[in-house]
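Colleague: need the 3D shape of this:
(one chain, ligands or ions: 1)
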Amino acid sequence: MRYDIVIIGAGIIGAMTARRLAMQKRSICVLEKESDVACGASKANSGIVHGGFDPEPGTLKARLNAEGIGKLYKAAKQLNVPIKNNGSLVCSFDESEDGKILELFERAKKNGIMGVSIIDKNKIKELEPNISDNVRIALYAPAAGIVCPYELTIAAMGNAMDNGVDLKLGFEVSSIKKEEGGFVVSSTDGKRVIAGVVINCAGVRSGKISELAGAETIDIMPRAGEYMVLDKSEGVKTTRTIFQAPGKEGKGILVTPTVDGNLLIGPTASLVDEANGKDTTEGGLNAVMRYSQKSVPCIDYRKVITSFSGIRASEKNGDFIIEESANVQGFINVAAIDSPGLTCCVSIADMVAETVNNIAGEAPINTRFNCIREDTHAFRKMNDEQKDAYIKEHPDYGEMVCRCEHITKGEIIRAIVTNPQTYDVDGIKRRVRAGMGRCQGGFCGHSVMRIIAQVRKCRMEDVTKDGADAKMVKGRV
Ligand SMILES: Cc1cc2nc3c(=O)[nH]c(=O)nc-3n(C[C@H](O)[C@H](O)[C@H](O)COP(=O)(O)OP(=O)(O)OC[C@H]3O[C@@H](n4cnc5c(N)ncnc54)[C@H](O)[C@@H]3O)c2cc1C
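Modeller: Below you'll find the predicted structure:
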């Protein structure tokens with residue numbers, strides 16, 4: 001199959017880029033090695049819309065962060081993805097940290113960020129009563145926010161697909177050869193596609209993909225960040241995202257509510273092998289508890305419901321790499337997209353679209369492009385009367401499956417058949433939150449499997465957690 005553009009990687013950057021490029025008349029395909037989208041850094045991060053005060057002035061990160069905040073709020077609204085403009089505070093808890101807060105304030109100004117201010121202890125305590133009494137001053141960034149990163153990725157890819165983009169899952173790119181007719185992109189199991197332009201959005205593997213294409217050497221240093229998620233009863237401990245003064249290793253441990261109402265604490269920052277960077281460690285999680293206590297001492301750690309780790313695709317120069325290769329014409333690297341890549345996803349997609357237009361020429365506008373994605377939360381948002389009427393027409397919405405998150409059979413079936421489709425239990429979890437609650441799927445796991453088996457017309461034994469090898473049950477007893 002031949003496409004005008006092939007994108008490697010279905011994280012938030014590949015997904016948002018595909019959506020942006022679909023606004024013009026072009027054939028586009030996204031290749032992803034996993035069984036679902038959002039399986040890399042885009043599923044395991046802090047989910048913060050960063051306020052733009054942290055990146056070094058003059059860098060791509062600084063420019064795209066400043067441009068990206070408003071663009072992200074707008075795109076999330078079009079995609080019907082919950083996003084909340086809750087604001088953030090970077091706090092000092094010791095005299096030695098005050099200078100860093102003032103430095104960030106100056107940086108914010110240089111980066112063109114409006115509305116930030118330095119606030120004193122009284123104001124901080126007024127905004128966030130549970131913050132430690134040791135707090136001194138804070139940088140307040142009212143434009144910052146929170147968003148669910150995997151839901152955003154799923155919605156962006158779904159909207160791209162509704163507008164004609166192809167997605168090939170389970171396609172692990174292992175060879176990229178430039179021939180006369182275009183790039184031949186092949187997978188480990190012998191599948192191939194032809195492309196006029198190739199865009200490398202492979203996250204922590206972007207260095208390897210650049211190497212496969214014969215393009216520039218990009219030395220990605222995977223850095224893991226470990227987190228704990230607490231029950232919704234703890235989600236009220238803060239309203240804003242609370243950062244500590246950043247150190248050499250990054251933005252430090254944060255305490256934040258999530259857009260779904262949980263409390264999230266983390267991340268650590270340690271260099272890892274990509275192979276085991278997704279594992280949480282005793283040392284990492286202890287550090288998360290120790291440092292989060294410095295900001296909010298009343299966190300009840302008995303209410304931790306799960307933990308996870310994500311891997312940042314960091315590079316030694318510390319900036320994003322978004323450019324056409326000087327060695328391989330038509331090959332674009334979108335590499336080293338570590339934090340604040342999620343915040344910048346729409347501004348990065350715009351920049352890539354500009355690069356594609358420079359290479360391939362401006363394509364006509366796709367007049368059929370529809371930027372709105374149907375609201376997959378519509379049922380949840382109904383009042384009891386509306387739900388009652390809806391259930392009469394659609395009885396599957398009257399069968400409660402996940403008791404923690406109140407998710408019905410109807411919502412699960414809809415998630416299975418909506419772009420990008422999934423038959424994985426984890427895929428359902430990321431789309432509708434069945435299994436994301438207090439019991440982490442202990443109650444609803446088997447019901448979700450049963451529904452997937454019914455829709456897919458397969459045996460329960462064939463239902464997978466996250467891809468072909470991850471079967472969950474062996475047989476009947
Ligand atoms: C711990 C942590 C905290 C963060 N916090 C924030 C935050 O609060 N706010 C913010 O703005 N940013 C944050 N970020 C950064 C943000 O998560 C990333 O910038 C963003 O998710 C990168 O998206 P991506 O699409 O480039 O990479 P990924 O999501 O990793 O996607 C890359 C995709 O490429 C696929 N792939 C790789 N190799 C191949 C191959 N050979 N063939 C086919 N497919 C392949 C992978 O499977 C993967 O799906 C954080 C990152 C981490 C890790």
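
Colleague: which secondary element of the protein has the worst mean pLDDT?
Modeller: Within the chain, no helix or strand scores below strand 270-271, which has a mean of 92 by mean pLDDT, DSSP states H and E.

Colleague: which helices and strands does that one pack with?
Modeller: strand 220-230 (3 or more CB pairs under 8 Å, 6 or more residues apart in numbering; DSSP states H and E). All C-beta atoms are positioned from the backbone trio N, CA, C, and that covers glycine.

Colleague: hmm, back to that, chain center to the next helix or strand after the least confident helix or strand of the chain: distance?
Modeller: Using DSSP states H and E, the helix or strand that follows strand 270-271 towards the C-terminus is helix 282-295. How far helix 282-295 lies from its chain's middle: 23 Å, per CA atoms, centre = their mean, to the nearest Å.

Colleague: same question for stretch 77-85.
Modeller: With CA atoms, centre = their mean, you get 13 Å for stretch 77-85.

Colleague: mind listing what's buried in that stretch?
Modeller: 79-81, 83 (16 or more other CB atoms under 10 Å).

Colleague: out of those, which is nearest to the ligand?
Modeller: Closest approach between the buried residues of stretch 77-85 and the ligand, by CB to the nearest ligand atom: Ile83, at 12.3 Å.

Colleague: and Glu249, what pLDDT?
Modeller: Per-residue pLDDT puts Glu249 at 57.

Colleague: which residues in the stretch 101-250 of the chain form strands?
Modeller: Using DSSP state E, counting those that start in this stretch, the strands of the stretch 101-250 of the chain run over 117-120, 137-141, 145-147, 166-168, 173-179, 182-187, 192-200, 220-230, 241-244.

Colleague: that older thread, note down every partner strand of the least confident helix or strand of the chain and its orientation.
Modeller: Using DSSP bridges, strand 270-271 pairs in its sheet with strand 220-230 (antiparallel).

Colleague: what residues of the partner strand count as buried?
Modeller: 220, 222-230.

Colleague: thinking again about what came up before, do the least confident helix or strand of the chain and the ligand come into contact?
Modeller: No: no part of strand 270-271 sits near the ligand under the criterion CB under 6 Å from any ligand atom; the closest distance found is 10.6 Å.

Colleague: what are the contacting residues of that strand?
Modeller: 221-224, 284 (CB atoms under 8 Å, 6 or more residues apart in numbering).

Colleague: of those, closest to Val173?
Modeller: If you rank the contacts of strand 270-271 by distance to Val173 using CB to CB, Pro222 comes first, at 18.4 Å.

Colleague: please name the bridge partners of the closest one.
Modeller: Ala313.

Colleague: correct me, but it touches Lys278?
Modeller: No: the pair Pro222 / Lys278 is not scored as a contact, 10.1 Å apart, by CB atoms under 8 Å.

Colleague: so what sits against both of the two?
Modeller: Ile311.

Colleague: ranges for the helices of the stretch 51-200 of the chain?
Modeller: Here the stretch 51-200 of the chain has its helices, by DSSP state H, counting those that start in this stretch, at 60-78, 95-110, 121-127, 149-162.

Colleague: single out the most deeply packed of these.
Modeller: helix 149-162 (a mean of 27; mean count of other CB atoms under 10 Å).

Colleague: now that one against helix 60-78, angle please.
Modeller: 70 degrees (axes from the mean of the first three to the mean of the last three CA atoms, to 10 degrees).

Colleague: okay, now the unreliable bits of this protein?
Modeller: Within the chain, the stretches with pLDDT under 70 are 248-250.

Colleague: number of nearby residues for the closest residue to Gln78 other than its chain neighbours?
Modeller: Of all residues not flanking Gln78 in the chain, Cys371 sits nearest, at 4.7 Å (CB to CB, 6 or more residues apart in numbering). The number of residues packed near Cys371 is 14, by other CB atoms under 10 Å.

Colleague: and Cys371, which of the three is it?
Modeller: Secondary structure, DSSP: H, G, I helix; E, B strand; the rest coil: Cys371 is coil.

Colleague: ok, now how distant is it from Arg19?
Modeller: Separation of Cys371 from Arg19 (CB to CB, to the nearest Å): 8 Å.

Colleague: domain boundaries for the protein, per the record?
Modeller: 88-142+221-315, 378-462 (automatic domain parsing).

Colleague: let's have those domains in CSV, adding distance to Val37.
Modeller: What follows is these, written out as CSV (distance: least, CB to CB, whole Å):
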stretch, distance to Val37
domain 88-142+221-315, 15
domain 378-462, 5
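
Colleague: hmm, back to that, check contacts around the residue nearest to Gln78.
Modeller: 23, 78, 159.

Colleague: wait, Glu128 touches Thr238, no?
Modeller: Yes: with contact defined as CB under 8 Å, Glu128 counts as touching Thr238 (5.6 Å).

Colleague: so which other helices or strands are in contact with the helix or strand hosting Met16?
Modeller: In this structure, Met16 sits in helix 12-21 according to DSSP H and E. For helix 12-21, the elements it packs on are strand 2-8, strand 28-31, helix 149-162, helix 345-360, judged by 3+ CB pairs under 8 Å, 6+ apart.

Colleague: mind checking what helix or strand follows the second one in sequence?
Modeller: This means strand 28-31. Strand 28-31 is succeeded, C-terminally, by strand 48-49 (DSSP H and E).

Colleague: could you measure from Cys148 over to the ligand?
Modeller: 11 Å (CB to the nearest ligand atom, to the nearest Å).

Colleague: the buried residues of strand 220-230 also near the ligand: which ones?
Modeller: Near the ligand, by the rule CB under 6 Å from any ligand atom, you find Gly225 out of the buried residues of strand 220-230.

Colleague: pick the one among the buried residues of strand 220-230 closest to the ligand.
Modeller: Gly225 (2.7 Å).

Colleague: what parts of the stretch 151-300 of the chain come near the ligand?
Modeller: Close to the ligand, as judged by CB under 6 Å from any ligand atom, the stretch 151-300 of the chain has residues 171-173, 201-205, 209, 225, 267.

Colleague: for the ligand, give me its nearest residue in the stretch 251-400 of the chain.
Modeller: Gly341 (1.9 Å).

Colleague: and that residue, how many residues sit next to it?
Modeller: 27.

Colleague: show the contacting residues for Leu169.
Modeller: 10, 32, 34-37, 420.
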